[in-house]
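Participant: sequence and predicted structure below; questions after.
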Amino acid sequence: MDTNPALPSEDPRRLRAVAVRVAVAAAAHVAARRPEVFAVVGHAGAEVSAPGAVATKSTPTDPVTVVDTEAEEVIRALLSDLRPGDAILGEEGGGDGRTDGVRWVVDPIDGTVNFLYGIPAYAISVAAQIDGVSVAGAVVDVASGAVYSAAAGHGATLHEADGSVHALRCNAVTEVSMSLLATGFGYGKERRRRQGELIGELLPRVRDIRRIGSAALDLCMVASGRVDAHFEHGLSPWDWAAGSLVAREAGAVVRVPSPGSSSADGEVTVAAAPGVAAALDAVLGGIGALDPIPE
């Protein structure tokens, strides 16, 4: 059965409850499986994986692990039980591409390279979209157990692993020059080259740059005030669907790609604290950073 049965089927609060339930279950699976798939050996902390545990996708530097696939299977099974008939678009299993009605957009592990290396910055992202617009979502930071969630029109919250709950709100920063900016890079060489050029243009104009390695967590960090803005080219819908809503509901000004876009299109995603959003938009536009960087 669905959760929150007293609410209408497509109420964002009801969909949010489903997103949280599903994302938390997938995070538990990922946390349990990592030590089973990867073993630490030697004093240098190098890790080896079980045979067949890691493959590549778009380029040799774009990995996928058996745990990504398993986690998406967990998500799909739960959604099929809780929300039968809804469409599902997943990073590993794909989908039918339709954007009408309720569509669940899921990333079983956002930050797979971090997961592979044992860097504690990878997340489960589950979002519900209606007619291509995110209306509910949850992002679970697997390493810390923190759960970020939002429902359109009902705010964004952070549930810590210790049980504490916090309403999320962006920083009150008002100067781009004092803004901490998060970003990420694609896997194709030409896109990376252009992204590197843009970072060179931005560094003298902001407080500093952070590259965490998970767009979903970056967007949630905008919401929680751990960074002031995030921008990145070439995100797929599962990268931004949940995190962008969390940021928006925390007060961020958000720009996301079209709902039918793919990473190859190279469209930009931007989320910024409201006090710097307009000025940052002008800076990004002035250096061509709002233009797509297609593959």
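Facilitator: Ah, there it is. Residues are numbered from 1 along each chain as shown.
Participant: and the longest helix for the chain?
Facilitator: In the chain, with assignment by DSSP state H, the single longest helix is helix 12-37.
Participant: just checking, what packs against that helix?
Facilitator: Counting contacts by 3 or more C-beta pairs under 8 Å, 6 or more residues apart in numbering; DSSP states H and E, helix 12-37 packs against helix 66-82, strand 102-110, strand 123-130, strand 133-141, strand 147-151. Glycine gets a C-beta too; all of them are placed from N, C-alpha and C.
Participant: where does the prediction get shaky in the stretch 151-295 of the chain?
Facilitator: Scanning the stretch 151-295 of the chain for pLDDT under 70 picks out nothing.
Participant: would you reformat the helices and strands packed on helix 12-37 as CSV and include distance to Gly90?
Facilitator: What follows is the helices and strands packed on helix 12-37, written out as CSV (distance: least, C-beta to C-beta, whole Å):
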stretch, distance to Gly90
helix 66-82, 5
strand 102-110, 5
strand 123-130, 10
strand 133-141, 14
strand 147-151, 19
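Participant: what sits against Gly213?
Facilitator: Gly111, Val113, Asn114, Ile119, Ala121, Tyr122, Gly184 (C-beta atoms under 8 Å, 6 or more residues apart in numbering).
Participant: check which helix or strand covers it.
Facilitator: For Gly213, there is no host helix or strand (DSSP states H and E).
Participant: mind checking how far it is from Ala223?
Facilitator: Relative to Ala223, Gly213 is positioned 18 Å away (C-beta to C-beta, to the nearest Å).
Participant: swap in Val113?
Facilitator: 23 Å.
Participant: so for those two, which sits in the more crowded spot?
Facilitator: Ala223 (30 against 16; other C-beta atoms under 10 Å).
Participant: can you tell me the closest non-neighbouring residue to the more buried one?
Facilitator: Ala250 (3.6 Å; C-beta to C-beta, 6 or more residues apart in numbering).
Participant: can I assume the one you found is in contact with Leu168?
Facilitator: Yes: here Ala250 reaches Leu168: they are 4.0 Å apart, a contact under C-beta atoms under 8 Å.
Participant: could you check how far the spatially closest residue to Ala272 that is not a sequence neighbour is from Glu91?
Facilitator: Using C-beta to C-beta, 6+ apart and skipping the chain neighbours, the partner closest in space to Ala272 is Ala229 (3.8 Å). Per C-beta to C-beta, Ala229 is found 25 Å from Glu91.
Participant: go on, Thr112?
Facilitator: 9 Å.
Participant: overlap of the contact sets of the two?
Facilitator: Residues touching both Thr112 and Glu91 by C-beta under 8 Å, 6+ apart: Asp68.
Participant: okay, these two: which has more neighbours?
Facilitator: Legend: neighbour count by other C-beta under 10 Å for Thr112 and Glu91, higher for Glu91 (25 against 22).
Participant: list the contacts for that one?
Facilitator: Neighbour list for Glu91: Asp68, Glu72, Val106, Asp107, Pro108, Ser236, Trp238 [criterion: C-beta under 8 Å, 6+ apart].
Participant: and those residues, which of them are buried?
Facilitator: Asp68, Glu72, Val106, Asp107, Pro108, Ser236, Trp238 (16 or more other C-beta atoms under 10 Å).
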